[in-house]
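# Below is the sequence, then the predicted model.
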Amino acid sequence: MHDSRSLRQRLSGLKPEALMAHGLKAADAEGTEIKVEGVEIEAPLGRGGMGTVYLGRQVRLDREVAVKVLARELANDPLFLERLEREARVMARLRHPNIVAVHDFHRDGESAAIVMELVEGGTLRDKLRDHPNGLPVDEALRMVRQIAAGLTMAHAEGVIHRDMKPENVLIAESGEAMVSDFGLAMPMHDDSARLTLTGMAVGTVDYMAPEQFKGTEVDVRIDIYALGVIAYELLTGQTPRGSFDPPHVLRKEVSHNISTAVMQALRPRAQDRFASVNEFILALEDRAPTQRARWPWLALLGFMLIATAWWVLKGERPSPNPGPWRDAAAGYRIWEHTIRGNWQNSNGVLTANEDICIASLEADMPEAYDVRVRFSRLSGMHSVAVFFRTAGQIGSAEVDAWNEGLAGVQEIAGQDLQTGYGFRFPLFNGRTYEMLIEIRPDEVRMSLDGEFKKAFSIKDRALTISPAWEWDTTERPLALGIGCYKSPTRFDSVEWREVPLTR
């Protein structure tokens, strides 16, 4: 059943004219009722330069959606019709947790509409209005990382956004930032001149890189510039115009390193900026040496406290005296232990190429054990995995799976992470992560970078490997292994330790 209560709550914040439009059924500026096949239009949510976004409901699937309808005065213009359809096609192929999903596109006579995922938390501009002096630094950086993850996916697919600004970043109820509005998006390696006038500057002035004003050839660095403007606003509450101070001058909580990274993203000459969004994010995450040296010990202490509290809440004691950490990669021999793909071994640092790559590291493991892996995905956009055996079954703990930033253990009882039982953890290429997996007969727990993420119950449930890995575990079994799916990855270390069980 459709939840009319949630609709009333959503309409309560709209303007009187929006409520009137809902009462009379949503209509365009000329009073004509909006019709989109298979969708009940319920109320306008917002208006932009190209049209209006409405709240709607897909009848067959009984789900609420956002419907972007091209303004009627533009519907007869082939340029705008093509732009809207291109936006739909671009967004439909960019499947990522930080990009708004497109469900459908309709074009009928003089009307055209995109049916999109409904994101109900407002825009990043709304969040900036609530924080006129800037967001808390950690939250601001989290937002920038999430926007960057969406842009990285778009750039990997050969798409430049060209109109990044806070209005085009939607905030989900979970707080996740999601890139939207690819109406000005441009393929990197295609002739898109027919969609813009020669020499015409496109974008929003405050977020446009200098080269955009010239209407000359552009690349991903215009999106990096726009992301730099957004980062500056999130950190300071001010828009960088003309001559402006670095963020750390305006706000003492912003470190000099973060400030330097933002200022590099805002450099007037494209060649002086970062070459990729990933480079920008890695520079933002660079901390002072004393902070880096202290962090692992604080993270370890925090993890030990959390783990102890968890065991107490379960009415059990922590496992006594876990064994020493052992190097699982020490005995790896490429010709003997490679299951799929091509691997290199440089003094225990294992690197896989762009194929589906799987390496067996141990043939036998104890009943309960922990695995600790330090890795860096070098390129690509797919999952990194640790394969393990417990209770006679082989399973996998994966990060950034299914091109949707999903993470967790799969498959459990025939279900994979796409069914929604995992958690989100998109990877940034070039950044080093540490994954801890605690494997017990009844449960598998995952932590990333010292932060516990989720426990997966496997008691009396079948564990299997996703068919996407193209691996028959009956022919090539293992007890502990690593892998990456069509994304070159370096595994700096893979260690394990035995953990005695409390009975």
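Ah, there it is. Since the structure is predicted, the reported quantities are computational estimates derived from the model, not experimental observations.
# got the domain boundaries for this structure?
What automatic domain parsing lists as the domains of the chain is 4-117, 124-284, 319-498.
# okay, those in CSV with mean pLDDT and mean neighbour count next?
From N, CA and C alone the C-beta is placed, and that goes for glycine too. Below are the domains of the chain laid out as CSV (pLDDT from 0 to 100; neighbours: other Cβ atoms under 10 Å):
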stretch, mean pLDDT, mean neighbour count
domain 4-117, 70, 17
domain 124-284, 85, 18
domain 319-498, 92, 18
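# quick one: the helices in the stretch 1-150 of the chain?
Remark: helices assigned in the stretch 1-150 of the chain by DSSP state H, counting those that start in this stretch are 4-11, 16-23, 78-93, 124-130, 137-156.
# As CSV, could you dump the C-alpha coordinates of the shortest one?
Coordinates of each C-alpha in helix 124-130 appear next as CSV, following Å, rounded to 0.1, in the frame of the first residue of the first chain:
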residue,chain,number,x,y,z
LEU,A,124,23.9,20.1,-0.1
ARG,A,125,23.0,23.8,-0.5
ASP,A,126,20.3,23.2,2.2
LYS,A,127,23.0,21.8,4.5
LEU,A,128,25.3,24.7,3.8
ARG,A,129,22.5,27.1,4.8
ASP,A,130,22.2,25.3,8.1
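# Pull the residues that contact that helix.
135, 143, 165-167, 169-171, 177, 230, 233-234, 237 (Cβ atoms under 8 Å, 6 or more residues apart in numbering).
# Which ones among these map onto helices?
In this view, the contacts of helix 124-130 that belong to helices under DSSP state H are 143, 230, 233-234.
# Is it possible to get JSON lines of those that adds distance to His131?
Shown next, in JSON lines, are these (distance: Cβ to Cβ, whole Å):
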{"residue": "Met143", "distance to His131": "11"}
{"residue": "Ile230", "distance to His131": "13"}
{"residue": "Glu233", "distance to His131": "10"}
{"residue": "Leu234", "distance to His131": "8"}
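# Considering those residues, which is situated nearest to Val384?
The shortest approach to Val384 among the ones in helices among the contacts of helix 124-130 belongs to Met143, at 24.3 Å (Cβ to Cβ).
# Next one: the closest one from Gly341, what distance?
36 Å (Cβ to Cβ, to the nearest Å).
# go on, Glu37?
In terms of Cβ to Cβ, Glu37 sits 45 Å off from Gly341.
# coming back round to it: switch the contacts of helix 124-130 over to TSV; also include distance to Glu117.
TSV is the format used below for the contacts of helix 124-130 (distance: Cβ to Cβ, whole Å):
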residue	distance to Glu117
Leu135	24
Met143	19
Lys165	20
Pro166	19
Glu167	17
Val169	14
Leu170	9
Ile171	13
Ala177	14
Ile230	21
Glu233	25
Leu234	23
Gly237	29
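# Just flag the most distant two among those residues.
Leu170 and Gly237 (20.3 Å).
# show me the contacts for the closest residue to Tyr485 other than its chain neighbours.
Nearest residue to Tyr485, sequence neighbours excluded (Cβ to Cβ, 6 or more residues apart in numbering): His382, at 4.1 Å. By Cβ under 8 Å, 6+ apart, the residues touching His382 are 400-401, 403, 484-487.
# out of these, which one sits closest to Arg333?
Cys484 (19.1 Å).
# from what I can see the closest one touches Ala385, true?
Yes - in this structure, Cys484 is within contact of Ala385 by Cβ atoms under 8 Å, at 7.0 Å.
# quick one: contacts for the closest residue to Glu362 other than its chain neighbours?
Of all residues beyond its chain neighbours, the one nearest Glu362 is Leu480 (3.9 Å), with distances taken as Cβ to Cβ, 6+ apart. Leu480 sits next to 328, 360-362, 365, 371, 386-389, 494, 496 when contact means Cβ under 8 Å, 6+ apart.
# All the helices of the stretch 201-350 of the chain, residue numbers only.
210-213, 221-236, 247-250, 256-265, 277-284, 289-313, 334-337.
# chain center to stretch 152-170, what's the gap?
12 Å (Cα atoms, centre = their mean, to the nearest Å).
# before we move on, what about stretch 449-464?
For stretch 449-464, the separation from the chain centroid amounts to 21 Å (computed by Cα atoms, centre = their mean).
# Then stretch 458-465?
Remark: stretch 458-465 is offset 28 Å from the chain centroid, using Cα atoms, centre = their mean.
# what's the span of it, first residue to last?
14 Å (Cα to Cα, to the nearest Å).
# try stretch 372-383
17 Å.
# Return the closest of the contacts of helix 124-130 with respect to Arg431.
When these are compared for distance to Arg431 (Cβ to Cβ), Met143 wins out at 17.2 Å.
# With secondary structure and distance to Gly395 as extra columns, can I get the contacts of Leu480 in a markdown table?
Formatted as a markdown table, the contacts of Leu480 follow (DSSP: H, G, I helix; E, B strand; the rest coil; distance: Cβ to Cβ, whole Å):
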| residue | secondary structure | distance to Gly395 |
| --- | --- | --- |
| Ala328 | coil | 17 |
| Ser360 | strand | 15 |
| Leu361 | strand | 15 |
| Glu362 | strand | 15 |
| Met365 | coil | 12 |
| Val371 | strand | 12 |
| Val386 | strand | 9 |
| Phe387 | strand | 7 |
| Phe388 | strand | 6 |
| Arg389 | strand | 8 |
| Val494 | strand | 16 |
| Trp496 | strand | 15 |
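# need those residues in TSV with distance to Arg47, can you?
Shown next, in TSV, are the contacts of Leu480 (distance: Cβ to Cβ, whole Å):
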residue	distance to Arg47
Ala328	58
Ser360	58
Leu361	57
Glu362	60
Met365	60
Val371	52
Val386	49
Phe387	51
Phe388	52
Arg389	57
Val494	54
Trp496	57
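# Which two of those have the greatest separation?
Between any two of the contacts of Leu480, the greatest separation by Cβ to Cβ is 14.8 Å, found for Arg389 and Val494.
# Do I have it right that Glu438 meets Arg497?
No - assessed by Cβ under 8 Å, Glu438 is found out of contact with Arg497, at 10.3 Å.
# shared neighbours of these two, which are they?
If you check Glu438 and Arg497 against Cβ under 8 Å, 6+ apart, the residues they both contact are Asp370.
# Nearest residue to His248 in space, please, no chain neighbours.
Ser259 (3.7 Å).
# If you could redo that for Arg95, that was the one I meant.
Asn403 (5.4 Å).
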